[in-house]
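In: Everything below, folded, please.
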Amino acid sequence: MSSLFESGVHGQVLMWMFAVAVVLGALTSKTNFCTMGAVSDWLNMGDTGRMRAWLFASAIAILGVTVLEAASVATLRANTMPPYRTENFAWLRYIAGGLIFGIGMTLGSGCGTKTLLRIGGGNLKSIVVAAAIATVVYFMFTTRLFEITVTSWVGPTVISLAEYGLSGQGIDDILAKVTGMNTTTARLLAGAAIGAALLGYAFKSGDFRGNRDHILGGTVVGLAVVAGWYVTAGPLGVEWVEEAMMDGEPNRAAIQSFTFISPIGETGRYLLDPTNLGLIRVGVVTVFGVVFGSLLYALLSRSFRFEWFNSPRDFFQHLIGGLLMGYGGFVAMGCTVGQGVSGVSTLALGSFLALSGMIAGSALTMKIQFVLMDR
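Out: Numbers count the residues shown, from 1 in each chain. Next up is the predicted model:
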């Protein structure tokens, strides 16, 4: 057992993140918060309720991070994990990864978060999807797969924003550069304006205002992301990161919030060696927490049901979906929650691009599926 795992600070961080993940898993199951479902409702029925719930979650996360940083309670520097505010703007990586992820989550019947929720509810299909995600992530981390399949085409397109006098890719950084105001003020104004605009859009719909599940789901996801940032970047998080650096194990501790593609890979790696407690990191406990929360809700609501593939075609479709989610999510540096809520909360331009790619990829796949069904 590593000295870091024995640390009280490390244990506290893991416990808090697990607790938040349990609540996230239980209440998102109850409210049927689903990003793929949001795209489907909007595309097929013109119902924007779940899409507004998603944007409502992003608004809460943006406003929460704005308040945390304005009050100097937490600071999300450029070295978050993943590095949302990095000055290396890999625009093609965000768009392409998002598109691939969007295709994968449609074929796999849900994004990374939904996959974990479905596992907790007894869906055995999602175990296959999660295993496929974990396999891709494992090879991305441990082999030259990333270098061969991503760096070769992404590298030449990366824009160094430092050459343009920008310290990062945040919309607030761009606003500060254009207007000449200091970054702190720009961050406060940009966060307040974007958060308020998203809130206005969400509550403009009477259907959204009258649906308690949409409001609850968006609130829980948004606050969970803010809580994740507070735990890892607040006073406890600062102590945690500093201790990790002193122990020479910096990879175990970094400022982060909820995202589920790389963590699913980390969880798969841990399950292959469960006695190695050094592999238990924030991502691993959040994956277990979401599954456990979903399981609790399924048992309490008596909705737990085992479900398996109904045909070989169904199996291969979900398998391919998982592989594409693993690859696309790794390329885009996050999933619909990791980029669409956690990343967006930092005002990183790349997160907005990745989110747009995910929506476009999912919508395009659904359109193609409908065309093929009509034949």
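
In: Low-confidence stretches in this structure?
Out: 1-7, 248-251, 374-375 (pLDDT under 70).

In: what about 50?
Out: 1-5 (pLDDT under 50).

In: Spatially central residue in it, please.
Out: In the chain, the C-alpha nearest the mean C-alpha coordinate belongs to Gly338, at 1.6 Å (C-alpha atoms, centre = their mean).

In: For that residue, grab phi and psi.
Out: phi -60, psi -40 (degrees, to the nearest 10).

In: Next: Asp273.
Out: phi -140, psi 60.

In: For Leu279, see how far away it is.
Out: 6 Å (C-beta to C-beta, to the nearest Å). Where C-beta positions appear, they are placed from N, C-alpha and C, glycine not excepted.

In: And these two? Which one has more around it.
Out: Leu279 (18 against 10; other C-beta atoms under 10 Å).

In: from what I can see the more buried one touches Leu271, true?
Out: No. At 9.2 Å, Leu279 and Leu271 do not qualify as touching, with contact defined as C-beta atoms under 8 Å.

In: re earlier: hmm, Gln256 and the residue nearest to the centre of the chain touching each other?
Out: No. Contact criterion C-beta under 8 Å: Gly338 and Gln256 do not qualify, at 9.5 Å.

In: To which secondary structure element type does the closest residue to the residue nearest to the centre of the chain other than its chain neighbours belong?
Out: Setting aside the residues directly before and after it, Gly338 is nearest to Thr259 in space (C-beta to C-beta, 6 or more residues apart in numbering), at 2.7 Å. Under DSSP: H, G, I helix; E, B strand; the rest coil, Thr259 falls in the coil class.

In: Could you count how many residues lie near Thr259?
Out: 28.

In: And it, how close does it get to Val287?
Out: Distance from Thr259 to Val287, by C-beta to C-beta: 10 Å.

In: ok, now Gly104?
Out: 18 Å.

In: These two - which one has more neighbours?
Out: Neighbours per residue (other C-beta under 10 Å) separate Gly104 from Val287, with Gly104 holding more: 31 against 28.

In: give me the element the residue nearest to the more buried one when sequence neighbours are not counted is part of.
Out: Of all residues not flanking Gly104 in the chain, Leu324 sits nearest, at 2.9 Å (C-beta to C-beta, 6+ apart). According to DSSP states H and E, Leu324 maps onto helix 312-332.

In: Report the backbone C-alpha coordinates of that helix in CSV.
Out: C-alpha atoms of helix 312-332 as CSV (Å, rounded to 0.1, in the frame of the first residue of the first chain):
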residue,chain,number,x,y,z
PRO,A,312,-25.7,-10.7,-32.7
ARG,A,313,-26.2,-7.5,-34.6
ASP,A,314,-27.2,-5.8,-31.3
PHE,A,315,-24.1,-7.1,-29.7
PHE,A,316,-21.7,-5.8,-32.4
GLN,A,317,-23.5,-2.5,-32.6
HIS,A,318,-22.9,-1.9,-28.9
LEU,A,319,-19.3,-3.2,-29.0
ILE,A,320,-18.5,-0.9,-31.9
GLY,A,321,-20.2,2.0,-30.0
GLY,A,322,-18.0,1.3,-27.0
LEU,A,323,-14.8,1.2,-29.0
LEU,A,324,-15.7,4.5,-30.8
MET,A,325,-16.6,6.1,-27.5
GLY,A,326,-13.3,5.1,-26.0
TYR,A,327,-11.4,6.4,-28.9
GLY,A,328,-13.4,9.5,-29.5
GLY,A,329,-13.6,10.4,-25.9
PHE,A,330,-9.8,10.0,-25.5
VAL,A,331,-9.2,12.1,-28.5
ALA,A,332,-11.7,14.8,-27.4
